[in-house]
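> no letters, just coordinates:
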């Protein structure tokens, strides 16, 4: 496999081929051992989507639950591997995967085994208040699951329930740490003034500190995380927000390596402005939070150099560096954690996770990030051990099948196919990006929403991000044969 | 049963009896049909708590997970019904129940059946992005579970993951609704100024509105919910907060009915101050949020009249009334929802739930609380259907065994026993409260933490709330025989 991949640069110099020819070219690769047994051979489209059964189900659901964001009614019992099924018998290749959160395929047998284990049943029906009453097996669940894949340099975890929750918990840790620094250390107690003012939401007890985030960032939709989210007005309108600083995220040109000099200048501009905001913002930041690839905000990439620059800036100004890997984490970029691509001189202070982990939380390494007293970072459930057990099974499956290696290889194959397709349809595929980032690939499309809609009719479920990006977020079991199918269907849509 | 209970007022006029005599008196009641088969007969204390095995497990866990709030290391596989077990073979009567969140007993067989069903397995391993890709069976799961027990007048639900999350989602709904009112209705679109200002966290797009809460309230620990939490400094210190108003919660005298006139005056004072804040606070409230019984904040009760007053005030000033039933909901107060005790003229606008529901969210009735566009109230997972399926099984168990009736009856029995015990130990049981509120009972104890610690040695796991309250939060399967055990052990502690 590796030797075949090394031939890709040569292929790239050949004239653009039709996708079908590409598919034939890679016939030997496409017949590689399937990573998910018993999947459908390809999509089946029997009706318009939504079909009559889906429409009935939507109508019923709408009486009690807002369905206006509904994309597709699903029959999960009939979905399998990379394929999502609906109640009308339609079966679609799914490269959106529940907004990037299905890791190893629908109805994965390894996960089914974990889900039907006595341990899972006990954990589901005896949900603990983890901070007060952990199970005697909790350490082992963490060590063999969540912590087995901890980013280098981070060996502690605080568990949560969602990506938004994970980020807010990390922000709280940052604020408590920062105020501790300002007070003079771990053992300096709160003043009466701090104690009393905290109860009426005033400084110094409720300090006027901030979290710095970037234009187009998405970090969640709770009040604190939403204050750092800068993706779209529809996410933010009418919700009170903290007066926190927003630095520019680089607007790079793609492919990144072909515009290295221009991009480096743009990144330096953004780093300079970030430093200015750190020094001058009237509510000083306790931390900088950044996504390795801005996902909801439109699939915006920057070079490792930009992120290394953020790491240095945060160190220089004695604030924390939080990497939000909610969407990029768990293997999709060809590394287990996307920030491994950066070659940082020292690890991030905190890394948050959710989505493909099917649970959530943040990793950290420095025990100074444990607040100086218990019950400061605390809540009733502190996550859900049932979901942590599932993540352990996901980790096992990723290791057993080398799925991180798979996303790296399949990603290169897919990127190459899209590049060729883009050469034939330059209006349809603009700013292709995600080279070397596994299957975390996107492009801009002037008629994005139409493409996504037509894709359903062609048997493919695809999502968008930002205003005009088509984002691919296939599962980790997405292989070259699936890439071929996708490329073929895209070609058909572009021709239409 | 009902006729026996009617004799209680007569018993109450008899001289105070020792708990053991009370227990004998109620021998026939205590031998009532058990609500949980195969429970231990009583607690077993074999070692100091924590014992050697627990200590080993704590030491291991502490390497990766903050254990300073750890109360007790638990072996959930050996816990059963009302009894919680630890790795050292200690088995305790549990009247804390994972901070009020275990509904129908550890290892409940009905829940086990639900947890081992094919539906649960499928739901666990195929976690949907509910807003985009709901399952065709989601409507039925809601109708037969979460919505089957919806508070009167509320027939819609938005699902979430935790109590904090549920409250923040409700607050967001309130802000969107309020701004819609201010703009002039559902079809008036956002202005350019709103759109642009929202992206930099400034008004009018990020409006300077607020949520009004009360002294000693607890509504969660995320940034928005924490801004309405006013329980303890340790919950709030060092975390930035919104400048939102805090109204006084009545400081009533207990028993409420014996101080009716004084309490009514205090409640009127609090209502007047609430109205003043609604009218004058510089960031006008979009909603008032209140717990039916303030739980974390010290088990503070008010009369139905106070809550009816809040309902009228919010109507009068055209803002929303959110009832936070995260801790009071799901049967513990002798009603399924505690606000049913109030006899409101119209239902609350939103009711939030979590804990004993083992899932979370908020109910609402008015479809105007669906924001004017999709994707405004939205997130990836929007709860966890696996937990919604579990709640459906909990609802079935509650109905099958009439557990709301049980908490009402057992609560009366327990309250009466505590009242008698308090007459013998007036220093130990002060301000007994929760009469007529099922098993949601508490009292003040000048040596609270010592009592809680000693209780463990006597085989009972009890929690506290506020600065000095002992709070009882038994499960819904807590019966008179358990009450007898508890009373007996308390007596022993008080004598020590």
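Received it, and whenever you're ready, just let me know what you need. Note that the structure is a prediction, hence the values are computed from the model and not measured.
> make sure residue A:351 is indeed in a strand.
Yes: counting by DSSP: H, G, I helix; E, B strand; the rest coil, residue A:351 is found in a strand.
> looks like it contacts residue A:363 (just checking).
Yes: between residue A:351 and residue A:363 a contact is recorded at 4.7 Å, counting by CB atoms under 8 Å. (C-beta placed from N, C-alpha, C; glycine too.)
> give me the common contacts of these two.
Residues touching both residue A:351 and residue A:363 (CB atoms under 8 Å, 6 or more residues apart in numbering or on different chains): A:151, A:154.
> pLDDT value on the nearest residue to residue A:111 once chain neighbours are set aside, please?
Nearest residue to residue A:111, sequence neighbours excluded (CB to CB, 6 or more residues apart in numbering or on different chains): residue B:125, at 4.2 Å. According to the prediction, residue B:125 has pLDDT 98.
> ok but residue A:327 is inside a strand, no?
No: assessed with three-state DSSP, residue A:327 is coil; it does not lie in a strand.
> what are the boundaries of the helices in the stretch 1-150 of chain A?
According to DSSP state H, counting those that start in this stretch, the stretch 1-150 of chain A carries its helices in the segments A:2-5, A:8-12, A:19-25, A:27-30, A:52-62, A:97-100, A:109-115, A:118-125, A:138-144.
> typed the wrong thing, it's the stretch 251-400 of chain A
With DSSP H, counting those that start in this stretch as the criterion, the stretch 251-400 of chain A has helices spanning A:260-280, A:304-316, A:385-400.
> just put the ones you listed in TSV and tack on mean pLDDT and distance to chain B.
Formatted as TSV, those follow (pLDDT from 0 to 100; distance: least, CB to the nearest CB, whole Å):
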stretch	mean pLDDT	distance to chain B
helix A:260-280	98	12
helix A:304-316	98	19
helix A:385-400	98	6
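> tell me which of those helices is the most buried.
The highest mean neighbour count among the helices of the stretch 251-400 of chain A, using mean count of other CB atoms under 10 Å in any protein chain shown, belongs to helix A:385-400: a mean of 22.
> contact partners for the residue of chain A most remote from its centre?
Largest separation from the mean C-alpha position in chain A: residue A:192, at 41.9 Å (CA atoms, centre = their mean). Residue A:192 makes no contacts at all, as judged by CB under 8 Å, 6+ apart.
> how about the closest residue to chain B within the stretch 1-150 of chain A, nearest residue that isn't a chain neighbour?
Closest residue of the stretch 1-150 of chain A to chain B, CB to the nearest CB: residue A:68 (3.5 Å). Leaving aside its chain neighbours, residue A:68 sits nearest to residue B:374 (3.5 Å; criterion: CB to CB, 6+ apart).
> check contacts around that neighbour.
Applying CB under 8 Å, 6+ apart, the residues contacting residue B:374 are A:66, A:68, A:69.
> so it versus residue B:100, what's the distance?
Here residue B:374 is placed at a distance of 35 Å from residue B:100 (CB to CB, to the nearest Å).
> who does residue A:322 bridge with?
For residue A:322, the beta-bridge partners are residue A:289, residue A:350 (DSSP bridges).
> pLDDT score assigned to it?
For residue A:322, the model assigns a pLDDT of 98.
> contacts only, for it.
A:167, A:170-171, A:174, A:211, A:287-290, A:348-352, A:362.
> still on that earlier bit, how about the helices of the stretch 251-400 of chain A in a markdown table, adding distance to residue B:428?
Shown next, in a markdown table, are the helices of the stretch 251-400 of chain A (distance: least, CB to CB, whole Å):
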| stretch | distance to residue B:428 |
| --- | --- |
| helix A:260-280 | 55 |
| helix A:304-316 | 53 |
| helix A:385-400 | 37 |
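> coming back round to it: dihedrals phi and psi, the residue farthest from the centre of chain A?
The phi/psi pair for residue A:192 (degrees, to the nearest 10) reads phi -60, psi -40.
> again with residue A:87
Dihedral angles of residue A:87 (phi, psi; degrees, to the nearest 10) stand at phi -70, psi -10.
> my guess is it meets residue A:53, correct?
Yes: with contact defined as CB under 8 Å, residue A:87 counts as touching residue A:53 (3.9 Å).
> which one's more surrounded, those two?
Under the criterion of other CB atoms under 10 Å in any protein chain shown, the comparison of residue A:87 against residue A:53 puts residue A:87 first, with 22 against 17.
> quick one, what contacts the more buried one?
By CB under 8 Å, 6+ apart, residue A:87 lies in contact with A:51, A:53, A:54, A:57, A:73, A:75, B:136.
> now chain A, which segments are flagged as low pLDDT?
Where chain A drops to pLDDT under 70, the residues are A:1-31.
> which parts of it are strands?
Secondary structure of chain A by DSSP state E: the strands cover A:83-85, A:91-94, A:156-160, A:210-214, A:246-247, A:285-290, A:320-324, A:350-353, A:360-364, A:430-433, A:441-444, A:460-461, A:463-465, A:469-472.
> redo those as a markdown table? Include distance to residue A:406.
Converted to a markdown table, the strands of chain A look like this (distance: least, CB to CB, whole Å):
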| stretch | distance to residue A:406 |
| --- | --- |
| strand A:83-85 | 17 |
| strand A:91-94 | 16 |
| strand A:156-160 | 26 |
| strand A:210-214 | 30 |
| strand A:246-247 | 35 |
| strand A:285-290 | 27 |
| strand A:320-324 | 23 |
| strand A:350-353 | 20 |
| strand A:360-364 | 24 |
| strand A:430-433 | 20 |
| strand A:441-444 | 15 |
| strand A:460-461 | 20 |
| strand A:463-465 | 21 |
| strand A:469-472 | 15 |
